[in-house]
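**Student:** the sequence and its predicted three-dimensional model are supplied below.
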Amino acid sequence: MQVPRHVTMLSLHTSPLEQPGSGDAGGMNVYIRQLATGLATAGVEVEIMTAGTSGEVEMAPGVLVRHLDLAELGLPGGRITKERLPRLLPALLDSILSRGSGGTDLLHSHYWISGLAALELSDAWSLPLVHSMHTMAKVKDRHRRGGQLREPSERAQGEERIVQAAHRLTANTGAEAKELEGLYGARPERIDVIPPGVDLEVFHPASRPAARAELGIDSEVHLVFAGRLQRLKGPHLLIEAVALLRRERPELRLRVSIIGSRSGAEDYDLVELVHRRGVQDLVQLLPPVPPTELALWFRSADIVAMPSSSESFGLVALEAEASGTPVVATRVGGLPEAVRDGETGILVDGLSIEAWAEALVRLADNPTLRASMGRSAASHAAGYSWQHTVQLTLETYQRALADAARA
């Protein structure tokens, strides 16, 4: 079967060069960066289209990130939220089309905004299209909780168009594939399940005491959250659970490190919540950090918490486990695949403060269980590699090229 020589990826709303945990950058940015680099190593040239003002940047040998200058579209400063970006799609498309296809063999779009643009490019250039949702409007709305904004109707409608028109769809897990089928009417034979990987050279077990000493963490039970600070990710729930434990178990020594920055348009003030609950001596809010430093924080932790209301996979869980740390996560989306309940961590049913406090204290009270789960977590995560993700993606590209040739 034919293998593409050149692939154009679209990630219009966020650049793979951005720091995960800030703005709109998260696990998808890590996914695109690792996938593109792995494809280039396998001999496929990759060009990534995104919005920004940084011009052309060689991210790695064989991987070019091309920023579409928003300032040229009347937006001095070149920054725009993903909520406003759909209105700029016509101008962005004109900019891409004016450059030509550049000899690309296949389009791979990430997230719905890029998917809509890719549909037009696929038609204009007669190219096969592979699309990765990463998250879906209907899934997020199904799990929406108080304070979370409903996804715009244009997003769900756009995703329906993409599902019907893309040559292939990729899903992180079998659960996501079922959501594509049940909520969007996707044909199962056009879906390929491709789990993400983890960079095992960066995220791996090492001395916890040494990591704690380097970061200045004392002998407390250390809880870590890493991700965008928004209701969907649930750091407020972690704060509430810790405040409950302080009231009910005042002898329990806890320390909480929340790593990330505010994301999205919702009103979400964690600093105010920390002070209102009187836990400012327990909780520290830290900015996003690069992968090597994040791995250090994961190694320093006794527990990594993921109180998300929706996750297509939850790459943070895999990175934490690879670092030898058990994870407490909501039983939602792809997290039951990333976290083996009772073996590599604990899955919590629902988002009640009491249930989360109970799960956290179960591990906080049992260092032997934490150590056992940490060893199992590292073993579990070692089964995921970006090389495997790249190989499965190449097979999807081959199917897309064959499907397009038959059409």
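**Tutor:** Happy to help now that I have it.
**Student:** show me what contacts Val63?
**Tutor:** If a contact means CB atoms under 8 Å, 6 or more residues apart in numbering, then Val63 has 36-37, 39-40, 45-48 as its contacts. Glycine gets a C-beta too; all of them are placed from N, C-alpha and C.
**Student:** show me what it is bridged to.
**Tutor:** Val46, Ala60 (DSSP bridges).
**Student:** apart from its neighbours in sequence, what residue is nearest Ala243?
**Tutor:** Arg277 (3.9 Å; CB to CB, 6 or more residues apart in numbering).
**Student:** now do the phi/psi pair for the one you found.
**Tutor:** With angles defined as degrees, to the nearest 10, Arg277 sits at phi -90, psi 0.
**Student:** neighbours of it, how many?
**Tutor:** When neighbours are counted by other CB atoms under 10 Å, Arg277 registers 18.
**Student:** my understanding was that it contacts Leu238; is that so?
**Tutor:** No. Counting by CB atoms under 8 Å, Arg277 stays clear of Leu238, with 11.2 Å between them.
**Student:** surely Ser109 is within a helix?
**Tutor:** No. If the criterion is DSSP: H, G, I helix; E, B strand; the rest coil, then Ser109 is strand and not within a helix.
**Student:** can you pull the contacts of it?
**Tutor:** Applying CB under 8 Å, 6+ apart, the residues near Ser109 are 9-11, 115, 117-118, 129-132, 162, 166.
**Student:** which of those residues fall within helices?
**Tutor:** The helices, defined by DSSP state H, take in 115, 117-118, 162 from the contacts of Ser109.
**Student:** and the residues you listed, which two are the farthest apart?
**Tutor:** Maximum pairwise distance among the ones in helices among the contacts of Ser109 (CB to CB): 10.3 Å, between Ala117 and Ile162.
**Student:** run a quick neighbour tally on Thr104.
**Tutor:** Other residues close to Thr104 by other CB under 10 Å number 20.
**Student:** look through this protein and tell me its longest helix.
**Tutor:** The chain, longest helix under DSSP H: helix 386-406.
**Student:** which residues of this structure score low on pLDDT?
**Tutor:** Within the chain, the ranges that satisfy pLDDT under 70 run 1, 21-25, 72-82, 143-148, 264-266.
**Student:** please repeat the previous calculation with a cut-off of 80.
**Tutor:** 1, 19-26, 52-54, 69-85, 143-150, 219, 263-267, 407 (pLDDT under 80).
**Student:** show me where the stretch 301-407 of the chain has helices.
**Tutor:** Ranges of helices in the stretch 301-407 of the chain, per DSSP state H, counting those that start in this stretch, are 315-322, 335-338, 353-364, 367-381, 386-406.
**Student:** hey, which of those helices is tucked in deepest?
**Tutor:** Counting by mean count of other CB atoms under 10 Å, helix 315-322 has the highest mean neighbour count of the helices of the stretch 301-407 of the chain, with a mean of 29.
**Student:** tell me how far it lies from the chain's centre.
**Tutor:** 11 Å (CA atoms, centre = their mean, to the nearest Å).
**Student:** next one: stretch 319-338
**Tutor:** Relative to its chain's centre, stretch 319-338 lies at 13 Å (CA atoms, centre = their mean).
**Student:** report the separation between the two terminal residues of that stretch.
**Tutor:** This stretch, stretch 319-338, spans 10 Å end to end (CA to CA, to the nearest Å).
**Student:** skip the chain neighbours and tell me the closest residue to the most centrally placed residue in the chain.
**Tutor:** In the chain, the centroid-proximal residue (CA atoms, centre = their mean) is Gly27; its distance is 2.3 Å. Distances taken as CB to CB, 6+ apart place Leu315 nearest to Gly27, at 3.8 Å, with adjacent residues excluded.
**Student:** wait, the one you found touches Val198, no?
**Tutor:** Yes. Using CB under 8 Å, Leu315 is in contact with Val198, at 7.4 Å.
**Student:** most neighbours among the contacts of Val63, which one?
**Tutor:** Ala36 (27 neighbours).
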